[in-house]
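Asker: How does the following fold in three dimensions:
(2 chains)
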Number of protein chains: 2
Amino acid sequence: MIKPIIWQKTKLKILDQRRIPLAVDYIICSTCREVAECIGNLSVRGAPAIGSAAAFGLVLGAQELKGFPKEGFNHAFREKASNMLQARPTAVNLSWAVERMLRKYESIKEKDLGELTGGLEEEALTIYKEDIVGNKKIGQIGSSLIPEGAQILTHCNAGALATAGYGTALGVVRWAVGQGKEIHVYVDETRPVLQGARLTAWEMKQEEIPYTLITDNMAGMLMQKGKIDLVIVGADRIAQNGDTANKIGTYSLAVLAKYHDIPFYVAAPSSTFDLTLTSGEEIPIEERDPREVTHVFEQRITPEGCSVFNPSFDVTPAGLISAIITEKGIIENPQKENILSVMQIN
Amino acid sequence: MIKPIIWQKTKLKILDQRRIPLAVDYIICSTCREVAECIGNLSVRGAPAIGSAAAFGLVLGAQELKGFPKEGFNHAFREKASNMLQARPTAVNLSWAVERMLRKYESIKEKDLGELTGGLEEEALTIYKEDIVGNKKIGQIGSSLIPEGAQILTHCNAGALATAGYGTALGVVRWAVGQGKEIHVYVDETRPVLQGARLTAWEMKQEEIPYTLITDNMAGMLMQKGKIDLVIVGADRIAQNGDTANKIGTYSLAVLAKYHDIPFYVAAPSSTFDLTLTSGEEIPIEERDPREVTHVFEQRITPEGCSVFNPSFDVTPAGLISAIITEKGIIENPQKENILSVMQIN
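Answerer: Model (predicted):
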C-alpha cells in the first residue's frame, strides 16, 4: 500500500510528493518544525494526510522538549502547536488534529515526560489509524453510488497520498474496483501543482485501475460528449451549510456537472467538517507562490515577471453538491440540518 | 508590431511560437513542405495565421516547380495544395486560403511561370493584408462591446501571433486600449500547449496591457467572485448555425459564463466561417500527440506510459455565444439567418 507518512517512534518519514512521479523519496523529519515545513512546501498534502502528519509532528515536538524545565514546557509545547497551525490555512484537518493533540496533552500534562510523549504518540497513532479505517468506510459507503461501468471524473488527488493511506474520493473508486466493478477514471491534471497528472495518475497506474489523464479544461467537453457518469472529489474544509472548499477548479467542475445534469459527489471524513463556520464564505483561501504557475518543476513557461493569481482552493456552494460521503454515512442534499444529523452519529 | 510571419519573395520567415517566451527565433522556409510542417508542428498557429502561411507556402510551391515540364506542372502544384490541406484539420482558414489560391491559380495557369508565381504572390499578399485590415475592423467594431474598466477573460491566443498581425479577440482588446479604456485582461494559461501563458502573456507584456495569468481551472472562481465582466475568444471554425470550434476549454468557459450571466463573445474574420456545415457536430476535431500533455517543454510531468486524451478543440454551441464579432459586423444571437445576412455584406 502507498504510505505518504511512516511513523518511526522518533522520526516521521514523509514521502516527498513534490517529486512524484519523477522520484519516490522519503524526507526524514525529526523535529516538529521540519514536519510543519513539509506541510507548507507540499511534500505532504491532502487534508487528512496533513492532519496525521501534524499530529506526529507534535509528538516530535514533545520529544524535543526533553530536559526542558517543567515550568517552561507548557508554553514551549503550545508554541510548537501554534506554529504547526500556521503551516497551511485552508484544510481544517490541520487544526482539528492539533486541537485533538492539545486536548490529549491537557489530560496528561502533569505526567512525566515518558508518559506524556507516550500518550501523545498513542493519540497520533489513533488519528492515523482512524483515518485509514474512516477512509475504507467512506469507500464502502460511497461505492453504493458508483454504477457498474461508471466513467468517473476526479480532480486533484484525494487518494492514498492525500490521507493516512487509502483515500477519500479514490477510496470510493478503490472499493468499487475491489467489488469487481468495471470503472474508468478520468483524471484532471490539476494545475498548477499537477496533483492529478503526478499523483493520481501514479496511484491509478500502481493499482492498475484504468484511467485517462486530461487537462483541466477538457472536462467540459467530456461531459458534453456524455463520457462522464459522475464526478467525485475530496475536500479541505466543509462548512455547516455544506459549502465545500477543495482544490482550485473544483467549483468549475461542479458548475459543469450541474449544467450537464451529472452527479457531483464530495468524499471526506468528519474531520474535514468545520461546524463553527456558517458558510463557505468564512473559509480562508490560501494563495501560494506565483512560481507554481510560472514554472513546471524548474522550467519557466511564462515571460519573466509575469503577473499571476494563484489561489489554491475555491468554494463550491452546497447547492451544487449531490451528496457528501462520510465515514458516518452519505449526506444527500447537504445542508445544515442533514449535516448535523449525520455528524451526531458516533 | 509582432509579426508571426514575414514574406521575403522566395522565403517565408515563420516565428517559432513553440519556443516563445523562452526564445524568439524565426524559421526560414523555402519550400511549401517546410511551411506545411511549421503549421503541423505549431510553429505557426492560430486560424488566420495558418491561412496566410499556407497561401505563402503555395507561392513557394509554385516557385519550386520552376523548370517543371508544362504538362506535369498542374498535377504537381495541385498535389502540393492537397498536402498543405492535410497539415491541420480543424481551422477552416487553411482550406479557405488554399482554395482561394487554387481559384487564383485556375485564372492564370496558362501564363508563363513568372507571371503565374507573381499572380499567386499577389494573391497571398492580399490574403495577408486583408487579414490585418479585417482584424483592425474586428477590433474597432468589437470595442463597442467593451465597457470602460472591463475585466476581460480570454483563452488561448487570439492575438497578433494567431493572425497576420493584429489579432481577433486581442484585436478587440488592443482597439479598446487604444481608445483609452482602462482594461484588465485575465489570461487562461491554456493547457496543454500553454498558448495563454506563453503567447498571450508575452503579447500583453510587450504592449503593456495590464494582465493576470491564471490556470484554466481558476476561471470559474473568478466569475463566482464577480471579477470577470466578459469573455472574448477567437475561433477555428464556425458552422452555419453559429456553433464554434475553438481551443479546448472554450466550451467549459462558455458554460461557466452562461451560469454566471456573463457575456461570451467570439471574434473571428469571415474566413473562419464554414457555411457548408449545418452544425458544429460536423467540424473535425484534431487529436494531437499525448506528449503535449505528458511533457512541458522537455520535462515529463506524468508517470511513464500515462494514458492521455488530447483533443485540441471543442465545439461551443451557438446558444452559449452572446455575439460573434466579424469584420463585417457584430452577429448578435448567432444563428443561421443572422449569420448569412451579415456574411452577405461586402
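Asker: For residue A:44, the count of nearby residues, please.
Answerer: Residue A:44 has 28 neighbours, counted by other CB atoms under 10 Å in any protein chain shown. Yep, even glycine has a C-beta here, placed from its N, CA and C like the rest.
Asker: Over to residue A:237?
Answerer: Residues lying near residue A:237 (other CB under 10 Å) number 29.
Asker: Help me confirm that it comes into contact with residue A:89.
Answerer: No. Using CB atoms under 8 Å, residue A:237 is not in contact with residue A:89, being 9.6 Å away.
Asker: end to end, how far does stretch A:156-170 reach?
Answerer: Separation of the first and last residues of stretch A:156-170 by CA to CA, to the nearest Å is 10 Å.
Asker: Tell me which residues of it come out buried.
Answerer: Residues A:156-170 are the ones in stretch A:156-170 that count as buried (16 or more other CB atoms under 10 Å in any protein chain shown).
Asker: from these, which ones fall inside helices?
Answerer: Members of these lying in helices (criterion: DSSP state H): A:169, A:170.
Asker: What is the nearest of the buried residues of stretch A:156-170 to chain B?
Answerer: Closest to chain B out of the buried residues of stretch A:156-170 is residue A:156 (9.8 Å), distances taken as CB to the nearest CB.
Asker: Check the spatially closest residue to the closest one that is not a sequence neighbour and give its pLDDT.
Answerer: Excluding the flanking residues, the one nearest residue A:156 by CB to CB, 6 or more residues apart in numbering or on different chains is residue A:247, at 3.7 Å. Residue-level confidence at residue A:247 comes out at 98, pLDDT.
Asker: any idea which element residue A:77 lies in?
Answerer: Per DSSP states H and E: residue A:77 is located in helix A:70-85.
Asker: Show me what counts as buried in that helix.
Answerer: Those would be A:73, A:77, A:80, A:81, A:84, A:85, for helix A:70-85 by 16+ other CB under 10 Å.
Asker: What residues of stretch A:314-325 count as buried?
Answerer: Using 16+ other CB under 10 Å as the test for burial, stretch A:314-325 gives A:314, A:315, A:316, A:317, A:318, A:320, A:321, A:322, A:323, A:324, A:325.
Asker: Let me know the closest of those residues to residue A:344.
Answerer: Residue A:344 lies nearest to residue A:324 out of the buried residues of stretch A:314-325, by CB to CB, at 14.9 Å.
Asker: Now do the contacts for the closest one.
Answerer: Residues in contact with residue A:324, defined by CB atoms under 8 Å, 6 or more residues apart in numbering or on different chains, are A:235, A:238, A:242, A:244, A:265, A:266, A:267, A:268, A:330, A:331, A:334, A:339.
Asker: And it, how far from residue A:346?
Answerer: 18 Å (CB to CB, to the nearest Å).
Asker: Then residue A:327?
Answerer: From residue A:327 to residue A:346 the distance is 11 Å (CB to CB).
Asker: of those two, who's got more company?
Answerer: Comparing residue A:327 with residue A:346 by other CB under 10 Å, the one with more neighbours is residue A:327, at 24 against 3.
Asker: Strands of the stretch 1-150 of chain A, start to end?
Answerer: Per DSSP state E, counting those that start in this stretch, the stretch 1-150 of chain A carries strands over the ranges A:5-7, A:12-15, A:26-29.
Asker: which residues sit against the first one?
Answerer: Defining contact as CB under 8 Å, 6+ apart, one finds that strand A:5-7 is touched by A:12-15, A:26, A:44, A:49, A:52-53, A:56, A:124-125, A:128, A:164.
Asker: Which residues in that strand does the neighbour count mark as buried?
Answerer: Quick answer for strand A:5-7 (16+ other CB under 10 Å): A:5, A:7.
Asker: And the last one, by the same measure?
Answerer: Buried residues in strand A:26-29, counting neighbours by 16+ other CB under 10 Å, are found at A:26, A:27, A:29.
Asker: Go through those and name the one nearest chain B.
Answerer: Of the buried residues of strand A:26-29, the one sitting nearest to chain B (CB to the nearest CB) turns out to be residue A:26, at 18.6 Å.
Asker: The closest one contacts residue A:13, correct?
Answerer: Yes. Taking contacts as CB under 8 Å, residue A:26 lies within contact range of residue A:13: 4.3 Å.
Asker: near chain B, which residues of the stretch 51-200 of chain A show up?
Answerer: For the stretch 51-200 of chain A, the contact set with chain B under CB under 8 Å from any CB of the partner chain comprises A:186, A:188, A:189, A:190, A:191, A:192, A:194, A:197, A:198.
Asker: show me what contacts residue A:132?
Answerer: The contact partners of residue A:132, taken as CB under 8 Å, 6+ apart, are A:163, A:164, A:165, A:166.
Asker: what two of these are the furthest from one another?
Answerer: A:164 and A:166 (7.4 Å).
Asker: what touches both of the two?
Answerer: Counting by CB under 8 Å, 6+ apart, the common neighbours of residue A:164 and residue A:166 are A:132, A:135.
Asker: List the buried residues for the biggest helix by length in chain A?
Answerer: Ordering each helix of chain A by length in residues (DSSP H) puts helix A:113-142 first. Buried residues in helix A:113-142, counted by 16+ other CB under 10 Å: A:116-117, A:119-121, A:123-124, A:127-128, A:130-132, A:134-142.
Asker: got it, and stretch A:287-301?
Answerer: A:288, A:290, A:292, A:293, A:294, A:295, A:296, A:301.
Asker: what do you get for stretch A:214-228?
Answerer: So stretch A:214-228, judged by 16+ other CB under 10 Å, has buried residues A:214-224, A:227-228.
Asker: I'd like those residues laid out as CSV, including secondary structure.
Answerer: Formatted as CSV, the buried residues of stretch A:214-228 follow (DSSP: H, G, I helix; E, B strand; the rest coil):
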residue, secondary structure
A:214, strand
A:215, coil
A:216, helix
A:217, helix
A:218, helix
A:219, helix
A:220, helix
A:221, helix
A:222, helix
A:223, helix
A:224, helix
A:227, coil
A:228, coil
